[in-house]
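>>> predicted structure and sequence below. I'll ask about it afterward.
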Protein chains: 2
Amino acid sequence: MIESRLHLALVHYPVLDKNGDTIAAAVTNLDLHDIARAARTYGVRGYHIVTPVEDQHELVHRLRRHWVEGHGAAYNPKRRQALELVALHSALDDAVQAIGRAEGQRPRVVVTSARFTDRDGCLSFAELRRQLAKGRVVLLVLGTGWGLAPACIAAADDRLEPIGVPTHYNHLSVRSAAAIMLDRLLAA
Amino acid sequence: MIESRLHLALVHYPVLDKNGDTIAAAVTNLDLHDIARAARTYGVRGYHIVTPVEDQHELVHRLRRHWVEGHGAAYNPKRRQALELVALHSALDDAVQAIGRAEGQRPRVVVTSARFTDRDGCLSFAELRRQLAKGRVVLLVLGTGWGLAPACIAAADDRLEPIGVPTHYNHLSVRSAAAIMLDRLLAA
């Protein structure tokens, strides 16, 4: 069993849209729930939602309150345990700072993309798994929409190799990608 | 690269509810999309939705039509390629028959549950992966709600070992579980 110090960030800005323009994507109920449940299942220490949009902060707060303190907590306590992991930040760097304070050590920021190639000098899943097993504090960053914007990728410490699938079709939802990554990095 | 003859079934009846009663769970838009995308990404041959509820058949037909033939197909052709995999059946046995006709060979029916233990004589992921690599026709069955009803499990050919997670919390969504299973069985 790996007791990791892995954190997960789901970035809604800056990400790309279908046309390659940088946008702020909307936070969805389902990204919160599905990824929080997978994060809790694999022992992730924090699930960090990143968006600068104020309205979206209100939405996330309301959802979290419902499941952590409100009627949802009594109806489904398992959901509470998952959504307790959710933290909210206006920018990725705020998440990095908060994790640094909580863990007593700045996290390695590792970004993900289905588009990385051999030339990107990516960290393999096996190597990142070894680092986590040694207790390294890591923030794994996933983008919504059509993926993280180049500036966000350029600012990171490391890039994780793409999932690598057996077909030429590679359109996993961010929820599926998160589940698969956690399984590869932290499965018993 | 494994070119498998794996099919996936998502069963909505008979499944259990929170209290252990057998129910017909509702088909959700998201289970269709997320699992179809993962199935297409990993080269699954068919994604079989099982429900006896007529209204739900109409819903699935409408959704599939929108993305495969309607406005959705033009807006997002990638989504079309995923949803083309969707087939609809009133009972699991109908799916087994249809796959038998399409593949020229009855599939091995392999059921899944987070609750299987060592005493259930489960097939390991590694063993099922070997069988798929040899070209065996397999139907992997996942349940919605709180999981497949006992009668459905008893009628299957094999049970797949549970995903096995590093914490005592084990509440993956069926979408996350499907993605992780496909990755373990079919990753390049």
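Ah, there it is. Residues are numbered from 1 along each chain as shown, chains lettered A, B, ... in the order given.
>>> check which helices and strands the helix or strand harbouring residue A:178 is in contact with.
Element membership for residue A:178 (DSSP states H and E) is helix A:174-186. Where contact means 3 or more CB pairs under 8 Å, 6 or more residues apart in numbering or on different chains; DSSP states H and E, helix A:174-186 is packed against strand A:5-11, helix A:29-41, helix A:125-133, strand A:137-143, helix B:29-41, helix B:174-186. No exception for glycine: its C-beta is placed from N, CA and C like everyone else's.
>>> in JSON lines: these, plus mean neighbour count.
Below are these laid out as JSON lines (neighbours: other CB atoms under 10 Å in any protein chain shown):
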{"stretch": "strand A:5-11", "mean neighbour count": "25"}
{"stretch": "helix A:29-41", "mean neighbour count": "23"}
{"stretch": "helix A:125-133", "mean neighbour count": "16"}
{"stretch": "strand A:137-143", "mean neighbour count": "24"}
{"stretch": "helix B:29-41", "mean neighbour count": "23"}
{"stretch": "helix B:174-186", "mean neighbour count": "25"}
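>>> go ahead and confirm residue A:26 touches residue A:12.
Yes: Residue A:26 is within contact range of residue A:12, at 7.2 Å (criterion: CB atoms under 8 Å).
>>> neighbour count winner among the two?
Legend: neighbour count by other CB atoms under 10 Å in any protein chain shown for residue A:26 and residue A:12, higher for residue A:12 (21 against 14).
>>> list the contacts for the more buried one?
A:24-27, A:49-51, A:53, A:56, A:144-145 (CB atoms under 8 Å, 6 or more residues apart in numbering or on different chains).
>>> quick check: longest helix in chain A by residues?
For chain A, the longest helix by residue count, based on DSSP state H, is helix A:54-68.
>>> what does it rub up against?
A:12, A:26-27, A:29, A:32, A:49, A:51, A:72-73, A:76, A:79-80, A:82-84, A:86, A:88, A:90.
>>> just the C-alphas of it, formatted as CSV.
C-alpha atoms of helix A:54-68 as CSV (Å, rounded to 0.1, in the frame of the first residue of the first chain):
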residue,chain,number,x,y,z
GLU,A,54,-16.5,34.2,-9.0
ASP,A,55,-19.9,32.7,-9.8
GLN,A,56,-18.2,29.3,-10.1
HIS,A,57,-16.7,29.7,-6.7
GLU,A,58,-20.2,30.2,-5.3
LEU,A,59,-21.4,27.1,-7.1
VAL,A,60,-18.6,25.0,-5.8
HIS,A,61,-19.1,26.3,-2.2
ARG,A,62,-22.8,25.5,-2.4
LEU,A,63,-22.3,22.0,-3.7
ARG,A,64,-19.6,21.3,-1.1
ARG,A,65,-21.7,22.7,1.7
HIS,A,66,-24.7,20.5,0.7
TRP,A,67,-22.7,17.3,0.7
VAL,A,68,-20.3,18.1,3.6
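>>> the lowest-mean-pLDDT helix or strand in chain A vs chain B: in contact?
Least confident element among the helices and strands of chain A, by mean pLDDT, DSSP states H and E: helix A:71-75 (a mean of 84). No: interface with chain B: helix A:71-75 contributes nothing (CB under 8 Å from any CB of the partner chain), its closest point being 9.5 Å away.
>>> how about that helix: buried residues?
The neighbour-count check on helix A:71-75 (16 or more other CB atoms under 10 Å in any protein chain shown) flags A:72-73 as buried.
>>> angle of the helix holding residue A:178 against strand A:5-11?
Angle, helix A:174-186 to strand A:5-11, by axes from the mean of the first three to the mean of the last three CA atoms, to 10 degrees: 160 degrees.
>>> okay, residue A:2: pLDDT?
Looking at residue A:2, its pLDDT reads 56.
>>> distance from whichever strand or helix holds residue A:100 to the middle of the chain?
Using DSSP H and E, residue A:100 sits within helix A:92-103. In terms of CA atoms, centre = their mean, to the nearest Å, the gap separating the centre of helix A:92-103 from the centre of its chain is 14 Å.
>>> next SSE after that helix?
Following helix A:92-103 in sequence, per DSSP H and E, is strand A:108-111.
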